[in-house]
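> Based on what follows, work out the 3D shape:
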Amino acid sequence: MLWRAAQRHITFSSITDDAEAISKLRQIAEEISTWSGEDWAMFNAPAVKLRLDTQGSDRYGAVVLEFLTWGGSREGALGIELEACPTPLNKGRKRLLWTTKGSRRETVENVLFKLFLEEVRSGSLSSVCRLKATSFLPASSDAAFTGLMIQNRRLREELREMKTRDAAPASP
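Numbers count the residues shown, from 1 in each chain. Here you go, the predicted model:
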């Protein structure tokens, strides 16, 4: 375990590919590390400065996301790792633990949590991870809102790229 106290977890009845699940979570963490204030505002969250700690992530086989001050100093970190939690009836049961160290950024955790759950429910991880029946699932309206925000963000990115491409002077 990265740190002692887990703030939240997602329990899976099975995961067919641990590496793929962690890789997707890292990809999402990397993406939100580049978000602007406008991107965070779409999720009703204040702008935050983040950095994916690739060395820490590789060392622990997990995801370590650092919370930074606007000056670049580390204020805290979020660690996310898979942990085996077998039962007599389910030897393959695992859970994804979310732990923090130092200053917490609950809004960041919430957004990352929702984005990952969306991937598990209907994205690329839907064939890799099977949620435990009693595991936390957001209300369907919450999941729909998250999906809508993700789609709006992608459309905004495409528009931004089109405007940049159209504004670029034609070379002779």
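
> can you give me the strands in this protein?
Using DSSP state E, the strands of the chain run over 6-15, 49-52, 63-68, 74-84, 94-102, 129-131.

> and of those, who's closest to Ser23?
strand 63-68 (9.5 Å; C-beta to C-beta). The way it works is simple: take the backbone N, C-alpha and C, and place the C-beta from them, glycine included.

> Kindly provide the distance from the residue positioned nearest the centre of the chain to Lys24.
Averaging the C-alpha coordinates of the chain gives a centre point, and the residue nearest to it by C-alpha atoms, centre = their mean is Leu112 (3.3 Å). According to C-beta to C-beta, to the nearest Å, Leu112 and Lys24 sit 12 Å apart.

> which residues do these two both contact?
Contact criterion C-beta atoms under 8 Å, 6 or more residues apart in numbering; no residue bridges Leu112 and Lys24 by contacting each.

> picking up where we left off before, and of the strands of the chain, who's closest to Glu31?
Within the strands of the chain, the stretch nearest Glu31 is strand 49-52; the backing value is 9.6 Å (C-beta to C-beta).

> helices or strands up against the closest one?
Contacts defined by 3 or more C-beta pairs under 8 Å, 6 or more residues apart in numbering; DSSP states H and E place strand 49-52 against helix 18-33, strand 63-68.

> and among those, the most buried is which?
strand 63-68 (a mean of 23; mean count of other C-beta atoms under 10 Å).

> Please state the offset of it from the chain centre?
Relative to the chain's own centre, strand 63-68 is displaced by 11 Å; criterion: C-alpha atoms, centre = their mean, to the nearest Å.
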